[in-house]
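J.: Next input, structure requested:
(one chain, ligands or ions: 1)
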Amino acid sequence: MTKRIMDEVETKAREWLVERGVTLEDIAELVYFLQVKYHPDLQLDVCLDNVDKVLRKREVQNAIITGIQLDILAEKNLLDEPLQGIIDRDEGLYGVDEIIALSIVNVYGSIGFTNYGYIDKQKPGILEKLNDKESGSCHTFLDDIVGAIAAAASSRLAHSAANTE
Ligand code: MG
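T.: Next up is the predicted model:
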């Protein structure tokens, strides 16, 4: 792989994912979960490469740093009410967490929507961990963002597979 220079936004987005307990491998496993039924010979490193490419997109980096920032502020009780309580309780009707995640799904077109909806219902792997309310951490935004990155990477993988077959 050629060396790339990452700017501050990309560096921070990648660092924050890891600091909040999500590795690129965790997301690659979600991509594998979504795509292995269509590509039985799928390798995890191909999934990982697609996750990496998604994380190079500015829209994706912006969604990550915005969502994680709000999760962190809610965890520290630093938001004003009523937003503090809404994010802290992960209120079902709030919906802005999903909207931010959709800005990631949008990057690779409409296949992403189906994948995003599906993985959000199934909550495999890291998504189950992020949804554990007993952990004391606030992942109201992060769970949707991680699902969306996996959905976008799946779309990217599906498109590139279609181009080579
Ligand atoms: Mg959420």
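J.: what residues are up against Val60?
T.: Val60 is in contact with 13, 54, 104, 107, 149, 152, counting by Cβ atoms under 8 Å, 6 or more residues apart in numbering. In this view, the C-beta of every residue, glycine as well, is placed from N, C-alpha and C.
J.: roughly how far apart are it and the ion?
T.: Distance, Val60 to the ion, using Cβ to the ion, to the nearest Å: 17 Å.
J.: Helix or strand for that residue, just tell me which one.
T.: helix 58-75 (DSSP states H and E).
J.: Just the buried residues of whichever helix or strand comes after that helix, please?
T.: Next helix or strand after helix 58-75 toward the C-terminus (DSSP H and E): helix 83-89. Across helix 83-89, burial judged by 16 or more other Cβ atoms under 10 Å covers 86-88.
J.: Looking at those residues, which is nearest Leu73?
T.: Nearest to Leu73 among the buried residues of helix 83-89 is Ile87, at 8.1 Å by Cβ to Cβ.
J.: List the contacts of the closest one.
T.: 70-71, 74, 79, 94, 138, 140-141.
J.: again, only using 10 Å
T.: Contact analysis of Ile87 by Cβ atoms under 10 Å, 6 or more residues apart in numbering lists 70-71, 73-75, 79, 94, 96-97, 138, 140-141.
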